[in-house]
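>>> Mind folding the following:
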Amino acid sequence: MMEQCVISVIIPVYKAEKYLSRCIASLLAQSFTAFELLLIDDGSPDNSGKICHDWAERDCRIRVLHQTNAGVSAARNKGLDEAKGEYIVFVDSDDYVGTDYLKHLYEERPLEQDSIVVHGFTIVSEQADRQYTTSFIPSVYTGRDVRELFLNDEMRDMRGPVAKLFSRVLIERLGLRFPVEISFGEDTIFNFQYLFHCRQVVVGSHVDYVYCDVPGSLTKCLNDFASEYATFKLYKSITVRLAGKLDLNVADMRTAFSFVVLFFQRALIADYRSAGKVPFSLRTQHLRRLAAEQRSFMKEFYHPGYKADKWGRQFLLHGFCFCYNLYMSILCSCRFRYVFGYPEKA
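So this is what the prediction gives:
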């Protein structure tokens, strides 16, 4: 008989046959055992579904749920709909965790239900055969102190849903789910919407999560302009709400918006890095829309690092979108390297 379920671990599964067993095995080896493992098969065309069922036959804590392919957000949402635990933990199917992953997260949970526990992680690059670790100094942020998270670089490393312990009570009270209409940054948006209502953020020093940087990762793929721009606007609107709640001044907002700019830049790049060629006239149309709607944002927050991008910014600020398009088209056709670089630090 399965013991009481305290934590629901949700794993979206799609084309994961190469890594899935390693991931599941690491969770079944946990020192903390009061959990359920929800494997959400997102219509995977490989053997992932069969692997899920093979593991479910070995351990009664595993539940396998199937759906027609709808994306990682829909898969995580299905897991949230079916979860029974007091707390929610997300794990990606190509990653794995240390033996005390759940134990360490659970032991640092606060009594306050409207809270989150955040731990560090190690990133392993399979292609480059290297790894690096992100760890945090133990801290507890309460009430308006949460603003400090947005004023340092640590928030950049807290964007994903993994290595965190969420309260299911808070998630359900808010009716919170991952946005299915976008395919990049949806986890950050989920986190920010959750943080907007948090009364306490517990940051721990443990590093038990291993994130595997594998070929074909969504973070390396660009969507079309419409999708990238919609993601940026949603991300921006949530950050503006948080900035208002935390009473950030303009200088503080430049820091808080530093990674919102990365989403803006993805929208800017999309037409030039598209797998299918986007017509010149359509690119110009997209640029005119972006320049008209985001001129104040660009003026205040978009300060690119490369000289080529700085010239491009001036074209956009003055509405010379045809010139910007021609300029960037020439640079891209010449395979000019120093373009679309990271923004300057605030």
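>>> Who are the contact partners of the residue nearest to Phe196 when sequence neighbours are not counted?
Excluding the flanking residues, the one nearest Phe196 by Cβ to Cβ, 6 or more residues apart in numbering is Leu242, at 5.9 Å. For the C-beta atoms, the positions are set from N, CA and C on the backbone; glycine is no exception. Neighbour list for Leu242: Phe150, Phe192, Leu195, Phe196, Ala256 [criterion: Cβ atoms under 8 Å, 6 or more residues apart in numbering].
>>> Report the two of the residues you listed separated the most.
Phe196 and Ala256 (13.1 Å; Cβ to Cβ).
>>> For these two, indicate the residue with more neighbours.
Neighbour count, other Cβ atoms under 10 Å: between Phe196 and Ala256, Ala256 has more, with 22 against 15.
>>> So for Asp100, what's the nearest residue that isn't a sequence neighbour?
Nearest to Asp100 is Ser31, by Cβ to Cβ, 6+ apart, at 5.3 Å.
>>> right, and that neighbour touches Gly98 too?
No - using Cβ atoms under 8 Å, Ser31 is not in contact with Gly98; the gap is 9.5 Å.
>>> So these two - more neighbours on which side?
Gly98 (18 against 11).
>>> who's in contact with the more buried one?
Per Cβ under 8 Å, 6+ apart, neighbours of Gly98: Ser26, Asp208, Tyr209, Val210.
>>> Likewise for Glu148?
So Glu148 contacts Tyr141 (Cβ under 8 Å, 6+ apart).
>>> per-residue confidence at it?
As predicted, Glu148 sits at a pLDDT of 74.
>>> Quick check: it is in a helix.
Yes - under DSSP: H, G, I helix; E, B strand; the rest coil, Glu148 sits within a helix.
>>> distance of it from Val261?
Remark: distance between Glu148 and Val261 (Cβ to Cβ, to the nearest Å) = 20 Å.
>>> Also Ser274?
In terms of Cβ to Cβ, Ser274 sits 21 Å off from Val261.
>>> So if I had to pick from these two, which one is more boxed in?
Val261 (23 against 14).
>>> contacting residues for Ile123?
By Cβ under 8 Å, 6+ apart, the neighbours of Ile123 are Gln131, Tyr132, Thr133, Thr134, Tyr211, Cys212, Asp213.
>>> can you pull the contacts of Gly312?
Counted by Cβ under 8 Å, 6+ apart, Gly312 has contacts Pro304, Tyr324, Tyr327, Met328, Val339.
>>> Sketch out the strands for the stretch 151-300 of the chain, chain order is fine.
Under the criterion DSSP state E, counting those that start in this stretch, the stretch 151-300 of the chain carries strands at the ranges 164-167, 200-213.
>>> What residues are bridge-paired with the nearest residue to Phe166 once chain neighbours are set aside?
Once flanking residues are discounted, Phe166 sits nearest to Ile88: 4.2 Å by Cβ to Cβ, 6+ apart. For Ile88, the beta-bridge partners are Ser8, Phe166 (DSSP bridges).
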